[in-house]
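Student: here's my sequence, what's the structure:
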Amino acid sequence: MGFFDFFTKKENKEKLDQGLEKTKTGFFSRLNKLILGKSTIDEDVLDELEEILIAADVGVNTTLKIIDRIRERVSKDKYTSTSELDSLLRDEIATLLAENNSADLKGFSLPGNGSGKTQKPYVIMVVGVNGVGKTTTIGKLAWQYKQAGYSVLLGAADTFRAAAVDQLKLWSQRVQVPIVEKGMNVDPASVVFETVKQGLESGADIIIIDTAGRLHNKVNLMNELTKIKQTAGKVLDGSPHEILLVLDASTGQNAIQQATEFTKATQVSALALTKLDGTAKGGVVIGISEQFKIPVKYIGVGEQMDDLQIFNRKEFVDSLFKKN
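Tutor: Modelled structure (predicted):
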């Protein structure tokens, strides 16, 4: 690790610690109250721990799985002291994230980079409802990949809102990457066609395509996303290579409902969770990861360009359980 890499990694870790502060404050204040005055891990303690996890928006099903695993370890390994509850909980959360996420990424690099098998351009189709930070995430992604040395092309296929096209154009100017846009009220698939075609011709490394952020319960969403996906595949076989669902972590269980609808509508392959710094509901990262078996790839912990971070499960758990 180089000199500057060390300080970048240290700065990112500090931002992650700060970004999870609200979740930690609510979670551990309740956990400490639970342990206070109790010496053994019994059913009453586990019942209260269940309530704490659900309150942190870990989700009912995921919470029950964690509680069952802790109960089994208490019985099998004879853990009895409440002082060991922290480490037990930490272990089980880390295990769940390891089971449901692919290997931790080391940075903003293309999958397969260095193996000779990377598909270029690598096409990312970004989906999610309006208001979750989808277009902002695209802008930050473009900046991060550009900083990593890649050439990036944006595609403005959210053509149902003039504001969406204009917002992406502003991000294009801000991070100084080219964009394909045809204004609003045009067929989104035609924008996707032109974007992938131009990306091929220009030798772009990465293409990031914005899509309409309609409400997740609209029936025509499935047809539109399917058409866009098929159009990309006609221009470049195998694309899009990644379908990234952006979710607002601060909405808690509503984010899980959105994930349910979008995974029905299209083959989501990765998740980005935004606004972790503004919520006490950071436990939703654990619940979504476990419930959908889709890797969390990016997390947003602030407003700055570099506040969109690659999700690292070990660092996430370390930060969540770090004592101030």
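Student: bridged to the most centrally placed residue in the chain, which residues?
Tutor: Geometric centre of the chain, nearest residue: Ala272, 2.1 Å, by Cα atoms, centre = their mean. Note on Ala272: beta-bridge partners Val246, Tyr298, judged by DSSP bridges.
Student: show me where this protein has helices.
Tutor: For the chain, applying DSSP state H gives helices covering 3-19, 21-35, 43-55, 60-77, 85-100, 134-147, 162-175, 188-202, 220-235, 253-265, 284-292, 313-320.
Student: where does the stretch 1-150 of the chain dip in pLDDT?
Tutor: The stretch 1-150 of the chain contains residues with pLDDT under 70 at 1-9, 37, 79, 101-106, 112-119.
Student: who touches the residue nearest to the centre of the chain in this structure?
Tutor: 137, 244-247, 296-300, 308 (Cβ atoms under 8 Å, 6 or more residues apart in numbering). Quick note: C-beta positions are derived from backbone N, CA and C, even for glycine.
Student: what's the closest of these to Asp91?
Tutor: Of all those, Asp91 sits closest to Val296, with 19.0 Å by Cβ to Cβ.
Student: I'd say the closest one and Thr274 touch.
Tutor: No - checked against Cβ atoms under 8 Å, the pair Val296 and Thr274 is beyond contact range at 11.5 Å.
Student: out of those two, which sits in the busier spot?
Tutor: Thr274 (27 against 24; other Cβ atoms under 10 Å).
Student: could you pull up the residues touching that one?
Tutor: 132-133, 136-137, 246-249, 299-300.
Student: also Thr211?
Tutor: Neighbours of Thr211 in contact, by Cβ under 8 Å, 6+ apart: 125-127, 157-158, 188, 224-225, 228.
Student: what subset of those residues is buried?
Tutor: Neighbour-count burial (16 or more other Cβ atoms under 10 Å) applied to the contacts of Thr211 gives 125-127, 157-158, 188, 224-225, 228.
Student: could I get the pLDDT score of the closest residue to Phe311 other than its chain neighbours?
Tutor: Using Cβ to Cβ, 6 or more residues apart in numbering and skipping the chain neighbours, the partner closest in space to Phe311 is Val296 (4.6 Å). On pLDDT, Val296 comes in at 90.
Student: which residues are in contact with Val296?
Tutor: Val296 touches 101, 270-273, 285, 288-289, 311, counting by Cβ under 8 Å, 6+ apart.
Student: from those, which is closest to Leu16?
Tutor: For these, with Leu16 as the reference and Cβ to Cβ as the criterion, the closest is Phe311, at 9.7 Å.
Student: and the closest one, how close does it get to Asn12?
Tutor: 11 Å (Cβ to Cβ, to the nearest Å).
Student: next: Lys76.
Tutor: 37 Å.
Student: show me which of the two is the more surrounded one.
Tutor: It is Asn12, of Lys76 and Asn12, that has more neighbours when counted by other Cβ under 10 Å, with 17 against 8.
Student: give me the nearest residue to that one, chain neighbours excluded.
Tutor: Gln309 (5.7 Å).
Student: cool, Leu153 as well?
Tutor: Nearest one to Leu153, counting by Cβ to Cβ, 6+ apart, is Ala204 at 4.3 Å.
Student: could you pull up phi and psi at that neighbour?
Tutor: phi -60, psi 150 (degrees, to the nearest 10).
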